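# what would the 3D arrangement of this be:
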Amino acid sequence: MPQRYEPEFKKKIVKLHLQDGRTYKSITDEYGVSKVTIAKCLN
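I've put the predicted structure just below:
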């Protein structure tokens, strides 16, 4: 069963990438989410 993330968590991921300039790798390392998950949050 796929992991479900709360909307607030998704917003945090988007902010980290778009506003703070964090890379996918730095986010995956810190939060344990996949690059695909990050891409889905951004769409």
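# and Asp20, how far is that from Arg4?
Using C-beta to C-beta, to the nearest Å, we find Asp20 at a distance of 24 Å from Arg4. In this view, the C-beta of every residue, glycine as well, is placed from N, C-alpha and C.
# pick out whichever of these two has more residues nearby.
Neighbours were counted for Asp20 and for Arg4 using other C-beta atoms under 10 Å; Asp20 has more, 9 against 6.
# for the more buried one, helix, strand, or coil?
Look at Asp20: counting by DSSP: H, G, I helix; E, B strand; the rest coil, its state is coil.
# residues in contact with the nearest residue to Ala39 once chain neighbours are set aside?
Nearest residue to Ala39 in three dimensions, chain neighbours excluded: Tyr24, at 7.9 Å (C-beta to C-beta, 6 or more residues apart in numbering). Tyr24 sits next to His17, Lys35, Ile38, Ala39 when contact means C-beta atoms under 8 Å, 6 or more residues apart in numbering.
# who wins for most neighbours among those?
When neighbours are taken as other C-beta under 10 Å, the top entry among the contacts of Tyr24 is Ile38 (21 neighbours).
# so it touches Lys15, yeah?
No: between Ile38 and Lys15 there is no contact under C-beta atoms under 8 Å: 11.9 Å.
# which element, helix or strand, includes Asp29?
In the assignment (DSSP states H and E), Asp29 maps to helix 24-31.
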